[in-house]
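> A predicted structure for the sequence below; I have some questions about it.
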Amino acid sequence: MGIELLVLIPFILNYRSLDPSSRCILYYIISSIVFSAGSDILQRIYGNNMWFFNFMHYLQFVILSVFYYLCISNPILKKIIKVMPFIVAGIFAIDIFILEGIKAYNSISAGVKSIVILIYGAIFFLQLLKDKNLIEKAIYIDSLPSFWYNSGIFIYFCTIFLFNISYNLLQSQAVSGASRTSITITILSINNLVGLIAMILLYIGLTKLKKLRYADS
């Protein structure tokens, strides 16, 4: 949670200069801090934090959906992005109340959310590569804040998707308690490392925004 707090501070200090997509990233970072702190507190008090974990995972999906709605320009895709949170909410409700339960990690809905975010990220990368305005103005995509934001999100959700697959395998196979705990800790450690890298990329995106503001002025 420390890296999230460090990245949050410059976003808050520059709040007035943030564009709408950057503010979505700010809200995503705040949700990550609440996610991490809340999960730890609930685990210590009740011994189970899965309902909170699953809910926050969906909330982050909604925040990132708004981010991609602002960034992706194709009108048809924007309509799909606008509807997708409701579709995923239905899958989430079925998963948490019928299939896997409120006290279990909802790997089905989490996997769906991860795949959708990865698709959004890939579409946005392609949009940047084919953007005629950027090509005509000789603007490099790595000078755009949204490129770095998307890079951080895309890398992190690649890892989250791998976690979903790994956890499903652990649940379906006869793995002893000690071995399962060891494998889970290893996967979570990788997740935390990639999360650190993702936060650094989000911060780089903020620095690019500040440079653009300075250049425009």
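In hand now; what should we look at?
> so Val194 sits right up against Ile155, yeah?
Yes. In this structure, Val194 sits in contact with Ile155. The criterion is CB atoms under 8 Å, and the distance is 6.1 Å. Placement of C-beta: from N, CA and C, glycine included.
> out of the two, which sits in the busier spot?
Shown here are Val194 and Ile155; by other CB atoms under 10 Å, Val194 has more neighbours (19 against 16).
> how far away is that one from Cys158?
In this structure, Val194 lies at 8 Å from Cys158, with CB to CB, to the nearest Å as the measure.
> so which bits of the helix or strand of the chain with the lowest mean pLDDT are buried?
Lowest on mean pLDDT, DSSP states H and E among the helices and strands of the chain sits helix 177-216, with a mean of 77. By neighbour count, and taking 16 or more other CB atoms under 10 Å as the criterion, the buried residues in helix 177-216 are 187, 194-195, 198-199, 201-206, 208-209.
> secondary structure element for the spatially most central residue of the chain?
Centroid check for the chain by CA atoms, centre = their mean gives Ile153 as the closest residue, at 5.0 Å. Element membership for Ile153, per DSSP states H and E: helix 145-172.
> quick check: angle from that helix to helix 177-216?
With axes from the mean of the first three to the mean of the last three CA atoms, to 10 degrees as the basis, helix 145-172 and helix 177-216 are set at 170 degrees to each other.
> packing partners of helix 145-172?
Packing partners of helix 145-172 (3 or more CB pairs under 8 Å, 6 or more residues apart in numbering; DSSP states H and E): helix 20-46, helix 50-71, helix 107-130, helix 177-216.
> mind checking the pLDDT average for it?
Averaging pLDDT along helix 145-172 yields 83.
> how far off centre is stretch 201-208?
Relative to its chain's centre, stretch 201-208 lies at 15 Å (CA atoms, centre = their mean, to the nearest Å).
> repeat that for stretch 87-105.
Taking CA atoms, centre = their mean, the mean C-alpha location of stretch 87-105 is offset from the chain mean by 19 Å.
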